[in-house]
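K.L.:
what follows is a predicted structure for the sequence shown.
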Amino acid sequence: MKSIPARKSNICLAYRKRLATVFAASALAVSGWGSSIAVASASTASETSSAACTNEADFQAGTVVEYESRDNLSSAISRGKTETLGREAFAGANPVASAHTSFLNNAPFFVTTTFAEIKDGRLVRYGDRHGAGASLVTTTYLPPASTPIDLQPGQTVTVSYKNKAVSAGATVEFDVVEQLTYNGRETIKTALGTFDTCKFTNEISTGSASANQPKNVVVVQNWFPADGPYRGQSIRSVTPPAHGVAQRITEVVKMQYGTR
């Protein structure tokens, strides 16, 4: 790979698990903003804002990010890969498609394509797609989830949308409310090094659109470097203990950027 500057079944249950790993933004799930809008925002924002923790490379077709991570609840090393594919028609728009692959014993076992773009200084997420043939599931956010890329410390934004997941055998809808808080800058030390980061807390509430089932609430914290070779990528995430499950702390131990 050629090195480049870096920045960066039960349908309902499966999607809720994916929600727990996202920055409201895939800001960041998978994060990145791309385009001249992100560059302009980063150059004009204050030194404490969240704008620096973005990377235009993440939304440029051909960018590939490969990483390995570990958490405190397991001795196993997880491996993943994200490749920016370019723009693709989805949900009546033409967002940037990115393929996210998780590996088990070096074999891909879960592949999701997400669709998002930067528009008017905001990260807009349209949905995702995974599987193929009879197992294909297409998820659309109604309306598209939209968050500003330039937040100030302590600022919270609330995003509400309906999640519509369609497969060959069923259509499942549920309501999602995300409360994304930019906690501010924090210096952290990880296996990758010591970084000035943006810390975010995202509280994600999901529930049946018919209100017949109780809401499920997940809280996720993420740290994204504001500069250096991993700018814009989540290098640490924490899910507080809940429902009898211990706190999970996940850190990236290896990361590489490249182009196809």
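P.N.:
The structure has been received and is ready for your questions. Here the structure is a predicted model, which is why all the values come from computation and not from measurement. Numbering: from 1, shown residues only.

K.L.:
ok, now which ones touch the nearest residue to residue 241 once chain neighbours are set aside?
P.N.:
Leaving aside its sequence neighbours, residue 241 sits nearest to residue 247 (C-beta to C-beta, 6 or more residues apart in numbering; 4.6 Å). Every residue, glycine included, has its C-beta placed from N, CA and C. If you count contacts by C-beta atoms under 8 Å, 6 or more residues apart in numbering, residue 247 has them with 72, 238-241.

K.L.:
same deal with residue 109?
P.N.:
Contacts of residue 109 by C-beta under 8 Å, 6+ apart are 102-103.

K.L.:
check the gap between it and residue 237 for me.
P.N.:
20 Å (C-beta to C-beta, to the nearest Å).

K.L.:
would you mark the buried spots in stretch 66-74?
P.N.:
Across stretch 66-74, burial judged by 16 or more other C-beta atoms under 10 Å covers 66-67, 69-71.

K.L.:
er, stretch 80-100 I mean
P.N.:
Quick answer for stretch 80-100 (16+ other C-beta under 10 Å): 80-84, 90-91, 95-100.

K.L.:
kindly report the same for stretch 196-211.
P.N.:
Judged by neighbour count (16+ other C-beta under 10 Å), stretch 196-211 contains these buried residues: 196-202, 204-207.

K.L.:
let me see the ranges of the helices in the protein.
P.N.:
For the chain, the helices defined by DSSP state H cover 11-19, 35-44.

K.L.:
how close does residue 50 get to residue 235?
P.N.:
Distance from residue 50 to residue 235, by C-beta to C-beta: 15 Å.

K.L.:
kindly report the same for residue 253.
P.N.:
Taking C-beta to C-beta, one finds residue 253 at 9 Å from residue 235.

K.L.:
all the strands of the stretch 151-260 of the chain, residue numbers only.
P.N.:
Taking DSSP state E, counting those that start in this stretch as the criterion, the stretch 151-260 of the chain carries its strands at 156-166, 171-190, 193-208, 216-225, 236-239, 248-259.

K.L.:
so for the fourth one, what's the average pLDDT?
P.N.:
Throughout strand 216-225, pLDDT has a mean value of 95.

K.L.:
what of the first one?
P.N.:
The average pLDDT within strand 156-166 is 97.

K.L.:
please shift the residue numbers so they start at 729 in all later answers.
P.N.:
New numbering, starting at 729: the last item is strand 884-894.

K.L.:
could you report the neighbour count for residue 871?
P.N.:
Residue 871: 13 surrounding residues under other C-beta atoms under 10 Å.

K.L.:
what does residue 846 give?
P.N.:
So residue 846, with other C-beta under 10 Å, has 22 neighbours.
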